[in-house]
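Q: I need the structure of the sequence given here:
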Amino acid sequence: MVFETITLSIADGVATIALNRPDVMNALSRQMRAEMRVALGTAEAEARVIVLTGTGRAFCSGQDLQDAGSMADLDLERTLREEYEPLLRALMECAIPTIAAVNGAAAGAGANLALACDVVIACESASFIQAFTRIGLMPDAGGTYWLPRQVGFARAMGAMLFADKITARQAADWGMIWEAVPDADFSGHVAARAGALAHGPTVAYRGVKQALRAAYTNDLGAQLALEARLQGACGATSDFGEGVAAFLQKRAPRFTGC
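A: Predicted structure coming up:
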């Protein structure tokens, strides 16, 4: 498929999906959401880690409010149910690790798109804004699910009511993102992080993702049972044998992802 609103590149096990509408700060159009879902499916099948980023000076400015042609044509409930939910689920349920490389402003649905990824790495000049109330809306695109789990109720409520800009450094200090990196080091740092995951134990990473996602709703017994089942699957991989051999031989493991 030829993409018009995003780019997809795959090299050395790393799939990079870049939102590519820099003239509108990578605002999310209907076409972009559809292309992202296709790209995610391709990347999941062909790579071992996915990096989601933006081109230009922004990561993503959120919903393109001009995409429908007029405000009267914008059916927000339908758009969220039929377009955003499948995209967010594809990110959250992806079998391989996903990294949001936030290269600039992430606002509204753009901020919450980043939070749907497994790990968020931002450059220090980036920012996150739950901008919805500025235009008379409430947060969506999973923001009311992710943010309170990451930063706590009080901070999530304040960020959503006041729609204040949260700097990358503040977001890291709050536990909203994994790390904030100096701008000059950002590209190389993201590449190194993605490369490390691409050469890691893929089945174990899948187990980490499944177990942590389930931990919010499972009771202790269910979580212990899930851990046992997932660990059993990890123990049956060649990567486990390689990891043990490398440990005993005091060398770096050479994982194959199976």
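
Q: helices or strands next to the helix or strand harbouring residue 226 in the packing?
A: Using DSSP states H and E, residue 226 maps to helix 220-235. Counting contacts by 3 or more Cβ pairs under 8 Å, 6 or more residues apart in numbering; DSSP states H and E, helix 220-235 is packed against helix 202-214. C-beta coordinates here come from the backbone N, C-alpha and C atoms, glycine included.

Q: Return the list of helices and strands in contact with the helix it packs on.
A: The contact analysis (3+ Cβ pairs under 8 Å, 6+ apart) places helix 202-214 against helix 220-235, helix 238-248.

Q: Residue 46: which of those helices is closest?
A: When these are compared by Cβ to Cβ, helix 238-248 sits nearest residue 46, at 19.1 Å.

Q: still on that earlier bit, now the helix holding residue 226 and helix 202-214, what's the angle there?
A: Here the directions of helix 220-235 and helix 202-214 differ by 170 degrees (axes from the mean of the first three to the mean of the last three Cα atoms, to 10 degrees).

Q: Helix 238-248 and helix 220-235, what's the angle between them?
A: Interaxial angle of helix 220-235 relative to helix 238-248 (the same axes, to 10 degrees): 80 degrees.

Q: roughly how far apart are residue 171 and residue 227?
A: Applying Cβ to Cβ, to the nearest Å, the value for residue 171 to residue 227 is 30 Å.

Q: These two: which is more packed in?
A: More crowded of residue 171 and residue 227, by other Cβ atoms under 10 Å: residue 171, with 27 against 16.

Q: Tell me who's in contact with the residue nearest the centre of the chain.
A: In the chain, the residue lying closest to the centroid (Cα atoms, centre = their mean) is residue 117, at 1.7 Å. When contacts are counted by Cβ atoms under 8 Å, 6 or more residues apart in numbering, residue 117 touches 52, 91, 98-100.

Q: In those, find the pair that's most separated.
A: The most widely separated members of the contacts of residue 117, counting by Cβ to Cβ, are 91 and 99 (10.9 Å).

Q: and for the two, which residues touch both?
A: Counting by Cβ under 8 Å, 6+ apart, the common neighbours of residue 91 and residue 99 are 52, 117.

Q: one step back: next, format the helices and strands packed on helix 202-214 as TSV and append distance to residue 163 and mean pLDDT.
A: Listed next are the helices and strands packed on helix 202-214 as TSV, based on distance: least, Cβ to Cβ, whole Å; pLDDT from 0 to 100:
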stretch	distance to residue 163	mean pLDDT
helix 220-235	35	97
helix 238-248	45	96
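
Q: Of those, which is nearest residue 138?
A: Closest to residue 138 of the helices and strands packed on helix 202-214 is helix 220-235 (Cβ to Cβ; 31.3 Å).

Q: export the closest one as CSV, just CAs?
A: The C-alpha trace of helix 220-235 is given here as CSV (Å, rounded to 0.1, in the frame of the first residue of the first chain):
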residue,chain,number,x,y,z
LEU,A,220,-4.1,-11.9,42.9
GLY,A,221,-5.1,-15.4,42.1
ALA,A,222,-5.9,-14.6,38.4
GLN,A,223,-2.7,-12.7,38.1
LEU,A,224,-0.6,-15.5,39.5
ALA,A,225,-2.2,-18.0,37.2
LEU,A,226,-1.6,-15.7,34.2
GLU,A,227,2.1,-15.3,35.2
ALA,A,228,2.5,-19.0,35.4
ARG,A,229,0.9,-19.6,32.0
LEU,A,230,3.0,-16.9,30.3
GLN,A,231,6.2,-17.9,32.0
GLY,A,232,5.6,-21.5,30.8
ALA,A,233,5.4,-20.2,27.3
CYS,A,234,8.7,-18.2,27.8
GLY,A,235,10.4,-21.3,29.3
